[in-house]
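S.K.: Here is my input; please provide its structure:
(chains A and B)
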Amino acid sequence: MAHVTVTAKRSNIVRGIKRPSTPYLLLLPGLAWLAFFFIFPLINLAGTSTQTPTDSGEIGSYIQTFRFANYIDAISGARDQFARSIVYALIATLLALAISYPLAYAIAFKSGKWKNLLLVLVVAPFFTSFLLRTIAWKQILGNEGPVVTVLRWLHLLSPQSGLTASAFAVVTGMTYNFLPFMTLPLYASLERIDPRTLEAAGDLYANAITTFRKVTFPLSLPGVVAGTLLTFIPAAGDYINATLLGNPKTKMIGNVIESRFFEIVDYPTAAALSFLLMAAILILVMVYVRRAGTDELV
Amino acid sequence: MKRWLSKNLIKIYAFLAFVYLFIPIAYTMAFSFNDAGKSNLTWRGFTLNNWKNPCGAPDVCTALGNSLKIGFIATLLATILGTMIAFALGRHRFRGRSTVNILIFLPMATPEIVLGASLLAMFLNLGINPGFWPTVIAHVMFCISFVVVTVKARIASLDPKLEEAAMDLYASEVETFRKVTLPLVMPGIFGAALLAFSLSFDDFIITNFNSGTLTTFPKFVYISSARGIPAQANVIGSLMFILALAIVLTSQFVSTRKKRV
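M.R.: Sure thing, here's the model as predicted:
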């Protein structure tokens, strides 16, 4: 009899059935928070996106007229900024991947007892403010900064031209700022690889390059997918790098949404652009995840 | 020489990547010692004055205080709510699981500007003025998902045999949870709280939309960047860096010591 209760208990914890209401009670407060302050605002924003100004012409007052042409107006007014956001974010993501992959590889396979310390060091720069770091780049790349001074001395840069207030500076800032979002998932998937599989590849006369191409890289693919997504998504919506390191010709979609909201008080256009940005990102993510063949993202 | 190079190439690369990571930090720290006066743009000589008087610049410590308050409240709430969801997902089977997973993933896949703008639009529609509490609400919202993911990973890495053993020794469900499961998951919860705090403390975009006239530390830096950031901001940035690093390294040290015992 005692034996029966023990196995019953055991199967309870393994399958985790317990009382059927327990999981819902655990979920309720957190999901309610997300429903009220994430889902509901998005639905509300969808409503705002099809509004038009009231007849009184008062600034910031709008009425629901279900004008879906708002979306067409919004995109035609911000086509360049939209394209730029996607292109800059893609370049920054690829650069971050190129910097992070060898770094994550070195930490996972070559660091020995220093592994934990190095992982902390990857995250550590992000304990100072995002804005302070971006402004530091602005000054490092600035006309009085060390980089420009050296490049001018080497005659690689003419005395009139500089590096800041350019697309180059914006992409540099973006690459830097989202780097740990790339490195950590890459490390997590590389670290899970059993070193014996790599040895086996060597035993089968694969050279280092073939081993990497046929074994290591395919096994690290979930990390590559997670890392590129976690870098691309915030980069595409970012406007801080473009504001601090760019010029009027490097404005991104985030800049447009921000100024529509605060300066022009044009809520419908800001709302429509927000949805277009979200839709563009979700479509890209879905296509990408399909092609990469991973399903569990969280 | 060539052999040594090809053997250590990846280590050299990693070293350079670390240099790249730390350049702006070194720069921020160095300029916290700058005898800057009004604008902290060029090096004007070494001084300790900024460190002796970190609140010397107007409003910098008010902004810091606001950020710390928002960070603590948001971290506490997000950690509790997120940990509960993580246990539901990690320890229970129920209908609607995949919907919950998507709901947790979505806020992380939504650009911050959309999160901030949609929340502000809702607050304005409801006649709620942006300020302290709307900012706290926003921070809890975007921190929950990160807490869930971190704690869930920890729960998934636990050996279920430990809990089975407790049950075999006639511990009740509650006792097993309190004496076995929770202590084992605790490092994950602690890590999640640290992550939530640093996300909240560093957030600018969502805060900018929902805080109205309230200044937080990142907002202070952004506003003053137009006319030059006071060196005191660099002092506070450096202090936060050192503090966070100390917390993380101490907790790592403690956990490795425990393992040895």
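
S.K.: okay, CA-based contacts and neighbour counts for the rest of this
M.R.: Fine.

S.K.: pLDDT score for the closest residue to A:N177 other than its chain neighbours?
M.R.: If the residues on either side of it in the chain are set aside, A:N177 comes closest to A:F130, at 7.1 Å by CA to CA, 6 or more residues apart in numbering or on different chains. With respect to pLDDT, A:F130 scores 88.

S.K.: and if you look at the one 3 residues further on?
M.R.: In the prediction, the pLDDT value recorded for A:R133 is 92.

S.K.: need the contact list for it.
M.R.: Contact analysis of A:R133 by CA atoms under 8 Å, 6 or more residues apart in numbering or on different chains lists A:N177, B:P24, B:I25, B:T28.

S.K.: if you look at these, which of them are in helices?
M.R.: Members of the contacts of A:R133 lying in helices (criterion: DSSP state H): A:N177, B:P24, B:I25, B:T28.

S.K.: What is the neighbour count of the nearest residue to A:F66 once chain neighbours are set aside?
M.R.: The spatial neighbour of A:F66 that comes closest, neighbours along the chain excluded (CA to CA, 6+ apart), is A:T50 at 4.7 Å. Number of residues near A:T50 (other CA atoms under 10 Å in any protein chain shown) recorded here: 22.

S.K.: Now do A:T50 against chain B, distance only.
M.R.: Taking CA to the nearest CA, to the nearest Å as the criterion, A:T50 is separated from chain B by 14 Å.

S.K.: isn't A:T250 right up against A:R84?
M.R.: Yes. Between A:T250 and A:R84 a contact is recorded at 7.5 Å, counting by CA atoms under 8 Å.

S.K.: So those two - more neighbours on which side?
M.R.: For A:T250 versus A:R84, neighbours defined as other CA under 10 Å are more numerous around A:T250 (23 against 19).

S.K.: if I pick that one, what's in contact with it?
M.R.: A:T250 touches A:Q81, A:R84, A:S166, A:A167, A:V170, A:A242, counting by CA under 8 Å, 6+ apart.

S.K.: Out of those residues, which one has the weakest pLDDT?
M.R.: pLDDT across those is at its lowest for A:S166, which sits at 89.

S.K.: Isn't that one up against A:G246?
M.R.: Yes. Distance between A:S166 and A:G246: 4.9 Å, which falls inside the contact criterion (CA under 8 Å).

S.K.: Between the two, tell me which one has more neighbours.
M.R.: Just comparing A:S166 and A:G246: by other CA under 10 Å the higher neighbour count belongs to A:G246, 24 against 17.

S.K.: distance of that one from A:I264?
M.R.: Here A:G246 is placed at a distance of 21 Å from A:I264 (CA to CA, to the nearest Å).

S.K.: Please pull out the lowest mean pLDDT helix or strand from chain A.
M.R.: Of all the helices and strands that make up chain A, the one with the lowest confidence by mean pLDDT, DSSP states H and E is helix A:2-15; it has a mean of 46.

S.K.: for the following helix or strand past that helix, packing partners?
M.R.: Note on helix A:2-15: by DSSP states H and E, the next helix or strand toward the C-terminus is helix A:22-34. Using 3 or more CA pairs under 8 Å, 6 or more residues apart in numbering or on different chains; DSSP states H and E, the elements in contact with helix A:22-34 are helix B:60-91, helix B:132-156.

S.K.: How far away from the center of its chain is helix A:22-34?
M.R.: For helix A:22-34, the separation from the chain centroid amounts to 27 Å (computed by CA atoms, centre = their mean, to the nearest Å).

S.K.: got the buried residues for it?
M.R.: Using 16 or more other CA atoms under 10 Å in any protein chain shown as the test for burial, helix A:22-34 gives A:P23, A:Y24, A:L26, A:L27, A:P29, A:G30, A:L31, A:W33, A:L34.

S.K.: wait, which of those is closest to B:G96?
M.R.: Here the nearest of the buried residues of helix A:22-34 to B:G96, counting by CA to CA, is A:Y24; it sits at 9.9 Å.

S.K.: which non-adjacent residue is nearest that closest one?
M.R.: Spatial nearest neighbour of A:Y24, excluding adjacent residues (CA to CA, 6+ apart): B:A88 at 7.5 Å.

S.K.: quick one: contacts for the one you found?
M.R.: Counting by CA under 8 Å, 6+ apart, B:A88 has contacts A:T22, A:P23, A:Y24, A:L26, A:L27.
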